[in-house]
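**Student:** sequence below, structure please.
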Amino acid sequence: MKQAHIFDNRRTGVLLHITSLPNRNLGADAYRFVDFLHQSGVTVWQMLPLGPTHDDGSPYQCLSAHAGNNKLLCEAYIKAQPWVHTEELAGKKIYTIVANAYKQFYENANEADWAAFDSFCQRQAFWLEDYVLYREIRNLNHALPWFDWPVEFRDRDPAALKDLAEQRAESLNIRRFEQFLFFQQWNNLKTYANQNHVKLFGDMPIFVAHDSADVWAAPELFTLDETGHATKVTGVPPDYFSTTGQRWGNPLYEWQAHIDENFDWWVKRLSTQLELFDLIRIDHFRGFESCWEIPASCETAMEGEWGKAPGEALFNRLVAKFGELPLVAEDLGIITEEVTALREKFAMPGMKILQFAFGGDADNPYLPHQHCRESITYTGTHDNNTSLGWYHELDDAARQHLHQYIGTSDEAMPWLLIRVALKSVSQLAVIPMQDLLELESEHRMNIPGTTEGNWKWQFDWNMLPEYCSDKLRQLNQLYGRIIHE
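**Tutor:** Residues are numbered from 1 along each chain as shown. Here you go, the predicted model:
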């Protein structure tokens, strides 16, 4: 199978989530960031999942695999719409702003506006209707997870849902309108980025949150009991980093049920992501070959066992539906030959992290001489330290190995590592924004295994060195990563 066309050219990407922009939304700073990328010869903008998050803010545990996070909406964009006739959009919470906007839309929108809204609701009904019901019931139950709701709502009693839909009709329509605004704002940004030769690179977690509209709407597709509680959950086995492994807690997939429905749930899930993005990373790709299945009653991952997953059949179905699959496999950690064979069969590039490369021997797969064209080289990811922070924490042996490997150079970190990434044979090289800003450890996005203080980092434009764009463009030119489209 041939790789997706996006990999026909050597490209550079920058990793920055929307919430790390100065204004944290889809407004002016997002467009300014596209301009910065374009000026720098960068043609890929990578970000984290866009879904509405739980209270911990993790974009990898979302309330929906389809919906957009309403906190990313730009209030200024809403106020600029022709159907807004007054300034009555004030509100501290985005839901209040959207609710006020919907009232003005209801009163002032023209026929074309209503046609656009109705068309969106019809096209997205396959997930939107379950999502707005889920969010409304969850709100009425003080944010309790769906499996702790009153039984008639937990079990989706048709009469109870019908009554609620009638009683809460306006509120449900506001929630539909919120998603209409999100997709409208997102599509405008994507159009602008693509016009400036910037591709948008998204992230799709393999598993979905237990407390999510997706699991509530189709519990038969997950490892749940009759009360909606998980019987088996996800994680990884004990290893060098943890003697008890990691217990993530997401329900696993009932793969036979997915096979029986011809993977339609996955087709729908990917269709939304392909609407939002030009390229998609699949987090924890190895789970499509086999998953670490932990009994839900166990507090650690130690009692788990490997369970096979029908990855080949799934991707055959996706190829049959979509043709070319612009997917990237997150294949970090201990990867078996079977996982590699699955990735290669469907022509998905894997990931090479330079921060994992040094301090060992020449067989380390993350060293640049081990890279291949069909891969993506990163200095680090959202789960890593910044490259400058990483460098300062290296022991003497690893630091000596790094400088011996790279050779004589008086270039300072992190640009030294950025240069190594850009001259890699990998068709795509991705640099976290923190590295371009030359930032230390306190600016990292996430520390795996911790629950406090993550996902909050954002930059300010005055952090950007004046020479950054020109220097990055020169390196992209030098290493053949300027695309003339």
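**Student:** check contacts around Glu440.
**Tutor:** Glu440 sits next to 386, 388-389, 392 when contact means CB atoms under 8 Å, 6 or more residues apart in numbering. All C-beta atoms are positioned from the backbone trio N, CA, C, and that covers glycine.
**Student:** from those residues, which single one is nearest Ala30?
**Tutor:** Closest to Ala30 out of the contacts of Glu440 is Thr386 (22.1 Å), distances taken as CB to CB.
**Student:** residues near Tyr56, how many?
**Tutor:** Actually, residue 56 is Asp rather than Tyr. Look at Asp56: counted by other CB atoms under 10 Å, it has 11 neighbours.
**Student:** which members of the contacts of Glu440 are classed as buried?
**Tutor:** 386, 388-389 (16 or more other CB atoms under 10 Å).
**Student:** pick the one among the residues you listed closest to Ile431.
**Tutor:** Nearest member of the buried ones among the contacts of Glu440 to Ile431, counting by CB to CB, is Thr386, at 10.9 Å.
**Student:** list the contacts of the closest one.
**Tutor:** Contact analysis of Thr386 by CB under 8 Å, 6+ apart lists 380, 414, 432, 434-435, 439-441, 443-444.
**Student:** repeat that for 10 Å
**Tutor:** Going by CB atoms under 10 Å, 6 or more residues apart in numbering, Thr386 touches 355, 379-380, 392, 413-414, 432-435, 437-445, 457.
**Student:** would you list the buried entries among these?
**Tutor:** Buried, going by 16+ other CB under 10 Å: 355, 379-380, 413-414, 432-435, 437-439, 443-445, 457, out of those.
**Student:** about what we covered before: so which of the buried ones among the contacts of Glu440 are in strands?
**Tutor:** Assignment to strands by DSSP state E places none of the buried ones among the contacts of Glu440 there.
**Student:** check contacts around the residue nearest to Leu388 when sequence neighbours are not counted.
**Tutor:** Once flanking residues are discounted, Leu388 sits nearest to Pro414: 4.8 Å by CB to CB, 6 or more residues apart in numbering. Neighbouring residues of Pro414 by CB under 10 Å, 6+ apart: 379-380, 386-391, 421, 431-432, 434-439.
**Student:** which ones among those map onto strands?
**Tutor:** Those of the contacts of Pro414 lying in strands (DSSP E): 431-432.
**Student:** now, the contacts of Pro414 that are in helices?
**Tutor:** Residues of those located in helices (DSSP state H): 387-391, 421, 434-436.
**Student:** any idea which of these is closest to Ala30?
**Tutor:** For the ones in helices among the contacts of Pro414, the nearest to Ala30 is Leu436 (16.7 Å; CB to CB).
**Student:** the closest one: what's it in contact with?
**Tutor:** For Leu436, the contacting residues are 14-16, 36, 40, 42, 379, 387, 414-415, 418, 459, 463-465, 468-469, 471-472, by CB under 10 Å, 6+ apart.
**Student:** where do the helices of the stretch 101-250 of the chain begin and end?
**Tutor:** With DSSP state H, counting those that start in this stretch as the criterion, the stretch 101-250 of the chain has helices at 111-123, 125-140, 151-154, 158-167, 169-195, 213-217.
**Student:** nearest to Thr234, of these?
**Tutor:** Checking these against Thr234 by CB to CB gives helix 213-217 as the closest, at 12.5 Å.
**Student:** give the contact list for the closest residue to Leu16 other than its chain neighbours.
**Tutor:** Using CB to CB, 6+ apart and skipping residues adjacent in sequence, the residue nearest Leu16 is Met433, 4.1 Å away. Counting by CB under 10 Å, 6+ apart, Met433 touches 14-17, 20-21, 33, 36, 45-46, 386, 439, 443, 445, 457-459, 463-464.
**Student:** same check, this time on Glu178
**Tutor:** Neighbouring residues of Glu178 by CB under 10 Å, 6+ apart: 52, 67-68, 70, 73, 94-95, 97-99, 101-102, 132, 135.
**Student:** so which of those are in helices?
**Tutor:** The members of the contacts of Glu178 that map onto helices under DSSP H are 94-95, 97-99, 101-102, 132, 135.
**Student:** distance of the residue lying farthest from the centre of the chain relative to Ala421?
**Tutor:** No residue in the chain sits farther from the centre than Thr408, which is 37.8 Å out by CA atoms, centre = their mean. Here the criterion is CB to CB, to the nearest Å. By it, Thr408 lies 19 Å from Ala421.
**Student:** what does Pro150 give?
**Tutor:** From Pro150 to Ala421 the distance is 53 Å (CB to CB).
**Student:** which non-adjacent residue is nearest Lys79?
**Tutor:** Leaving aside its sequence neighbours, Lys79 sits nearest to Leu89 (CB to CB, 6+ apart; 5.8 Å).
**Student:** out of the contacts of Glu440, which is nearest to His210?
**Tutor:** For the contacts of Glu440, the nearest to His210 is Thr386 (32.1 Å; CB to CB).
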